[in-house]
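Undergrad: From the sequence below, what's the structure:
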Amino acid sequence: MARLKKKHWDADLSGGLPRRDRQGCEYFAYIPDPLRDRNITLDGPVVADVVEAEGSIRELNASATSLADTEALARLLLRAESVGSSRIEGLEIGGRRLLRAEAARELGDSTSDVTADEVLGNVEAMQWAVGELAEHAITRGSIVEVHEILLRHTTLSHLAGVVRTEQNWIGGSSFNPCSADFVPPPPELVDSLLEDLAAFCNEDLLPAVAQAAIAHAQFETIHPFADGNGRTGRALIQAILRKRGLTPRVLPPVSLVLATWANDYAQALNATRYGGSPKGPAARESANTWVGLFAAACKRAVTNAMEFEDTIQEIQATWRRQAGDPRRDSAASLLINVLPSAPILTVSSAARLIRRSFERTNEGMRRLEDAGVVRNVKVGKRNRAFEAPLIIDAFTALERQLASPVGDTLVSPPSRRTPARPPH
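TA: Below you'll find the predicted structure:
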């Protein structure tokens, strides 16, 4: 039975803090019900929302056929999803800056862009979660590994993959939980709750969208790490959707929508922390509120992703005309195929992607440069690469669209900080 457990926080008598932060207090830590084998009942309208969301995700995965490499769009949307996930927690960075930092890292060049390093850690964690976690049984250990990958290249690397052994809290003072908005379960319960969550993630009793929503809410409630909980929890969303077979090729950028609906997102998550029996009305109402919002976010994400797919098609058609309609098996044509998934490339990395010699690839890249498809740019401190600005502009436009509460920046400006409107 979900409940609040009364705990005592000892006063800090060292005198090094303001009086309000030195005080002791009684506080209440929330202990959620286990998820495994729980009978979760969804109301008719919410079931309809879930069915519509899953249908739209399936349609996206079936219709995203414009790219010769079908993983290309998925990879770019995965990057968008990772950036959106980070934005919820304040790690804001534009697509061009992120892509250049990623290219510099691949070239072995160091950067001083701490924010880019943190977001790239998020990308890697999402890639691992979707590519590996989704292929095997989800365990406590694999959830911890997602977190380790997330933080290992950041200033918080000492926390990477470390399950908390102390009480944490959300809101209020940084020094005690006396005025916290929410206090997660006590540390001695975290391991058992993570084991239960992992077992739930391997079930198939609920529709995939509902399962991903509830697993994410439970993870956020457990808050098992000192930092990076939100990003790890949103990676878990995509892992479950892929594991259940709903997203075999393209991931809907759900986190970009949740970042736009930040207040509703936080309120709906908080509503899942009911008190009483898991069969009671409070448990049922909270599950329906959260799953309904999550399903709506999925539908919105798919709508914008499908529009992005159309944009990629149009860009590639324009490129082929600009480049003089190169032969299908030419290096220039193959580069046009892969640029959406890798908008910043060196000749060496491009040669590996299209499986052509360095010389042929270089000729193809120069042809595209002459046609205005790519341009030469500096990445890191000492390297040069080729950049496809139209793809990065399209990526920026997608972010701005998803940041608009109604999905149209002309009638509803972005509700959060976004990169400037692209010139094209």
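Undergrad: Sketch out the low-pLDDT regions of the stretch 301-424 of the chain for me.
TA: Counting by pLDDT under 70, the stretch 301-424 of the chain has low-confidence residues at 380-382, 417, 419, 423-424.
Undergrad: Apologies, that question was intended for the chain.
TA: Per-residue confidence for the chain (pLDDT under 70) gives these ranges: 15, 65-95, 106-112, 114, 116-122, 380-382, 417, 419, 423-424.
Undergrad: Mark out where each domain of it begins and ends.
TA: The record, using automatic domain parsing to delimit domains, assigns the chain the ranges 33-304, 307-403.
Undergrad: Switch those domains over to JSON lines; also include distance to Ser415 and mean neighbour count.
TA: For the C-beta atoms, the positions are set from N, CA and C on the backbone; glycine is no exception. As requested, the domains of the chain are arranged in JSON lines below (distance: least, C-beta to C-beta, whole Å; neighbours: other C-beta atoms under 10 Å):
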{"stretch": "domain 33-304", "distance to Ser415": "6", "mean neighbour count": "20"}
{"stretch": "domain 307-403", "distance to Ser415": "6", "mean neighbour count": "19"}
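Undergrad: Which of those domains sits closest to Glu26?
TA: Each of these has some distance to Glu26 by C-beta to C-beta; the shortest is domain 33-304, at 8.5 Å.
Undergrad: got the end-to-end distance for the closest one?
TA: Chord length of domain 33-304, first to last residue, is 36 Å (C-alpha to C-alpha, to the nearest Å).
Undergrad: Just give me how far it sits from the chain centre.
TA: Its chain's average C-alpha position is 7 Å from that of domain 33-304, according to C-alpha atoms, centre = their mean, to the nearest Å.
Undergrad: Tell me which stretches of the stretch 151-300 of the chain form helices.
TA: Using DSSP state H, counting those that start in this stretch, the helices assigned to the stretch 151-300 of the chain run over residues 190-201, 208-222, 229-243, 254-260, 262-271, 281-322.
Undergrad: so which of the ones you listed gets nearest Met365?
TA: It's helix 281-322; of the helices of the stretch 151-300 of the chain, that one is closest to Met365 (C-beta to C-beta) at 12.7 Å.
Undergrad: From the contact counts, what lies against the closest one?
TA: With contacts defined as 3 or more C-beta pairs under 8 Å, 6 or more residues apart in numbering; DSSP states H and E, the packing partners of helix 281-322 are helix 44-63, helix 71-88, helix 208-222, helix 254-260, helix 262-271, helix 331-338, helix 389-403.
Undergrad: Reformat the ones you listed as JSON lines; add distance to Ala29.
TA: Converted to JSON lines, the helices and strands packed on helix 281-322 look like this (distance: least, C-beta to C-beta, whole Å):
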{"stretch": "helix 44-63", "distance to Ala29": "29"}
{"stretch": "helix 71-88", "distance to Ala29": "24"}
{"stretch": "helix 208-222", "distance to Ala29": "11"}
{"stretch": "helix 254-260", "distance to Ala29": "25"}
{"stretch": "helix 262-271", "distance to Ala29": "15"}
{"stretch": "helix 331-338", "distance to Ala29": "50"}
{"stretch": "helix 389-403", "distance to Ala29": "35"}
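Undergrad: In TSV, list the domains of the chain along with distance to Leu17.
TA: What follows is the domains of the chain, written out as TSV (distance: least, C-beta to C-beta, whole Å):
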stretch	distance to Leu17
domain 33-304	6
domain 307-403	38
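Undergrad: Tell me which residues touch the residue lying closest to Trp290 once chain neighbours are set aside, please.
TA: Beyond its immediate neighbours in the sequence, the residue positioned closest to Trp290 (C-beta to C-beta, 6 or more residues apart in numbering) is Ala268, lying 4.5 Å away. With C-beta atoms under 8 Å, 6 or more residues apart in numbering as the criterion, the residues that contact Ala268 are 289-290, 293-294.
Undergrad: Ok, Ala283 next?
TA: Under the criterion of C-beta under 8 Å, 6+ apart, the neighbours of Ala283 are 2, 33, 274, 276-277.
Undergrad: Now do Ala331 against Ala350, distance only.
TA: Using C-beta to C-beta, to the nearest Å, we find Ala331 at a distance of 8 Å from Ala350.
Undergrad: Next one: Glu52 relative to Val374, how far apart?
TA: From Glu52 to Val374 the distance is 40 Å (C-beta to C-beta).
Undergrad: Wait, a strand at Val377?
TA: Yes: the assignment for Val377 by DSSP: H, G, I helix; E, B strand; the rest coil puts it in a strand.
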